[in-house]
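Q: Here's a sequence, model it:
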Amino acid sequence: MRYFIHIGYHGLRYGGWQKQPGVANVQGVIETALTQILKTPIFINGCGRTDAQVHASQFFFHMDVEKEWDFDLQFRLNKLLPHSIAVFDIFPVDDQRHARFDAVMRSYDYFIHTYKNPFLHGLSSFYLLKDLDLDKMKQAAALLPQYKDYRAFCTSPDKYEHTICNVMSARLMADENADRIRFQISSNRFLGKMIRIIMGQLLKIGCGVVSLDEFEHHLISRETPELITPAHPQGLYLSRVVYPYLNIPPRTAFSAILQNQDDTLWKTI
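A: Numbering: from 1, shown residues only. Okay, the predicted model is just below:
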């Protein structure tokens, strides 16, 4: 039987989702816990890959189990897994359904604070920047859904069969003091470090280092900027994954310090 598992994780202490030797990773930790509980080797397939120190407030993986368990697996997993990983739901699905290949939309949030705040450390990226031009940053973000080829904003474009991404929405928000910024973007797929590269370009626009025309030129020409400066990983969250047959609201309480409060903190610029 195949099961989908809905989780969230704080990625600061991990080298990413994907299992790799010699590096702490979320996938390996979960597989070890499942193997211990179910007393049989368990291998899982995630809905995507997150980079080192990147978080996920919503993430899905699937696993195949021959024999159904007769206990509360969610309770046991949450008891065994570290505090940085939480299991929200476990439910059976058809054997043909795939956590990665069936996803039709993924959304990410990127959080920035521009003042030193020890309580946001590791949850939001700290940039000591004053007087960012948020209006121009907003205009740049609004350009993104108008273009499909993101070759210019990818670390290794040649490793992909193509660099087309159907960006459905992109927007920039800020709190009332404009010292906390939130960038949201949704697409059917993302390329390597694409969001962090875009966020780095948006910050350069806000600082007046890159113009709107230059930003759009790279989208049109598909030419990589001369200097790519990806934004820090700690502010990035995979925040929503949607399937044709499954659309579960994110557990906003998981990152309440950033996302909750019914979104009243965040104002569209």
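Q: Using PDB, list the CA coordinates for stretch 51-69.
A: Provided in PDB are the C-alpha atoms of stretch 51-69 (Å, rounded to 0.1, in the frame of the first residue of the first chain):
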ATOM      1  CA  ASP A  51      18.700  23.200  -0.200                       C
ATOM      2  CA  ALA A  52      20.800  23.200   3.000                       C
ATOM      3  CA  GLN A  53      19.300  25.200   5.800                       C
ATOM      4  CA  VAL A  54      16.000  25.800   3.800                       C
ATOM      5  CA  HIS A  55      12.800  25.100   5.700                       C
ATOM      6  CA  ALA A  56       9.400  23.500   4.700                       C
ATOM      7  CA  SER A  57       6.200  24.500   6.400                       C
ATOM      8  CA  GLN A  58       4.400  22.100   4.100                       C
ATOM      9  CA  PHE A  59       6.100  19.000   2.500                       C
ATOM     10  CA  PHE A  60       4.800  15.600   1.300                       C
ATOM     11  CA  PHE A  61       6.500  12.300   0.700                       C
ATOM     12  CA  HIS A  62       5.200   8.900  -0.200                       C
ATOM     13  CA  MET A  63       6.200   5.400   1.000                       C
ATOM     14  CA  ASP A  64       5.100   1.900   0.100                       C
ATOM     15  CA  VAL A  65       4.300  -0.600   3.000                       C
ATOM     16  CA  GLU A  66       3.400  -4.200   2.400                       C
ATOM     17  CA  LYS A  67       1.600  -4.700   5.700                       C
ATOM     18  CA  GLU A  68      -0.600  -2.100   7.400                       C
ATOM     19  CA  TRP A  69       0.300  -1.200  11.000                       C
END
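Q: quick one: buried residues of that stretch?
A: 51-63 (16 or more other C-beta atoms under 10 Å). C-beta: built from backbone N, CA, C; applies to glycine.
Q: can you give me the helices in the stretch 51-200 of the chain?
A: In the stretch 51-200 of the chain, the segments counted as helices under DSSP state H, counting those that start in this stretch are 73-80, 134-143, 194-207.
Q: just the angle between the second one and helix 194-207, please?
A: Looking back up the chat, that one is helix 134-143. 150 degrees (axes from the mean of the first three to the mean of the last three C-alpha atoms, to 10 degrees).
Q: quick one on the thing from earlier: list just the nearest of the buried residues of stretch 51-69 to Y147.
A: Distances from Y147 to those, taken as C-beta to C-beta, are shortest for D51 (23.0 Å).
Q: Could you pull up phi and psi at the closest one?
A: Main-chain torsions, D51, degrees, to the nearest 10: phi -70, psi 170.
Q: so what pLDDT did it get?
A: Note on D51: pLDDT of 92.
Q: What residues does it make contact with?
A: By C-beta atoms under 8 Å, 6 or more residues apart in numbering, D51 lies in contact with 16, 193, 196, 233, 236.
Q: my guess is Y243 contacts V104, does it?
A: Yes. Taking C-beta atoms under 8 Å as the definition, Y243 is a contact partner of V104 at 6.4 Å.
Q: These two - which one has more neighbours?
A: Neighbour totals were compared for Y243 and V104, and Y243 leads with 18 against 14 (other C-beta atoms under 10 Å).
Q: residue contacts, that one?
A: For Y243, the contact set (C-beta under 8 Å, 6+ apart) comprises 97, 102-104.
Q: ok, it to K116 distance?
A: The gap separating Y243 from K116 is 40 Å, by C-beta to C-beta, to the nearest Å.
Q: that older thread, tell me which of the helices of the stretch 51-200 of the chain sits most buried.
A: helix 194-207 (a mean of 23; mean count of other C-beta atoms under 10 Å).
Q: Packing partners of whichever helix or strand comes after that one?
A: Going down the chain from helix 194-207, the next helix or strand is helix 212-221, by DSSP states H and E. Contact analysis of helix 212-221 by 3 or more C-beta pairs under 8 Å, 6 or more residues apart in numbering; DSSP states H and E lists helix 134-143, helix 194-207 as its packing neighbours.
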